[in-house]
Structure formats: C-alpha cells, structure tokens
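Peer 1: With the sequence up front, the predicted model follows.
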Amino acid sequence: MVKYIIIYCLLLNVISFILMRVDKIRAKRGEWRIKEATLWWLAIVGGALGGFAGMRVYRHKTKHTSFKIGFPVIAILQLILFIYFINQLA
C-alpha cells in the first residue's frame with residue numbers, strides 16, 4: 001500500500017510540474033491555456049508540491065496571490081498527511 005501512495009504522489013507532482021511548464025510556454029506564445037481550475041484540482045488531489053516547484057522554476061503564476069499562498073499551504077498540508085499515512089501504514 002505504501003508503494004502505491006508514493007507512486008500516486010510522485011505521478012501527480014510530476015504532472016503538475018510539467019503542466020506549469022506547458023502553460024508558461026503557451027502563455028508566451030498567446031496560445032490556448034490550461035485552466036487555472038485544472039491546476040488547482042491537481043494541487044488539491046496531491047500535486048501541490050510539483051505545482052509550487054513549477055511556479056518557482058518557470059516563474060509562472062507568481063503574481064497570483066492565490067497561487068503564491070495557496071500552493072505552498074496545500075503542499076505543507078499534503079507533506080504532513082503523507083508522512084502521517086506512511087508512518088501509520090509502515
């Protein structure tokens with residue numbers, strides 16, 4: 001079970017990180033963008049750390065206060081829950 005939780009978290013965070021890059025590229029080109037709701041949904045279901053890392057690496061969504069504050073707060077809560085569940089299942 002622990003292995004599946006780790007894979008789930010890694011997968012969602014990698015996806016969130018990549019989508020931040022894709023959205024940044026599309027923003028620069030004036031192309032169709034990824035909905036903010038999609039980025040938020042991924043953050044809430046486990047990809048906040050990857051999304052936050054993508055924000056920092058690609059300097060994307062950094063002027064949005066909701067992203068600047070929301071993603072790190074969600075990431076911290078997810079890390080706490082992750083550690084708690086891993087300890088309970090181990």
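Peer 2: Received, thanks.
Peer 1: Who are the contact partners of His60?
Peer 2: By CB atoms under 8 Å, 6 or more residues apart in numbering, the contact list for His60 reads Met20, Arg21, Asp23, Lys24, Ala27, Gly54. Placement of C-beta: from N, CA and C, glycine included.
Peer 1: actually Ala53, sorry about that
Peer 2: Ala53 touches Asn13, Phe17, counting by CB under 8 Å, 6+ apart.
Peer 1: Which helix or which strand is home to it?
Peer 2: helix 48-58 (DSSP states H and E).
Peer 1: Now do that helix, average pLDDT.
Peer 2: Mean per-residue pLDDT for helix 48-58: 96.
Peer 1: before we move on, back to that, now, the contacts of His60 that are in strands?
Peer 2: Here DSSP state E is the test, and these give no hits in strands at all.
Peer 1: Of those residues, keep whichever come out buried.
Peer 2: Burial by neighbour count, 16 or more other CB atoms under 10 Å: within the contacts of His60 this picks out Met20, Asp23, Lys24, Gly54.
Peer 1: What about these, which are in helices?
Peer 2: With helices taken from DSSP state H, the overlap with those comprises Met20, Asp23, Lys24, Gly54.
Peer 1: thought Tyr8 was touching Gly46?
Peer 2: Yes - using CB atoms under 8 Å, Tyr8 is in contact with Gly46, at 6.4 Å.
Peer 1: More neighbours: which of the two?
Peer 2: A side-by-side neighbour count of Tyr8 and Gly46, using other CB atoms under 10 Å, places Gly46 first with 22 against 14.
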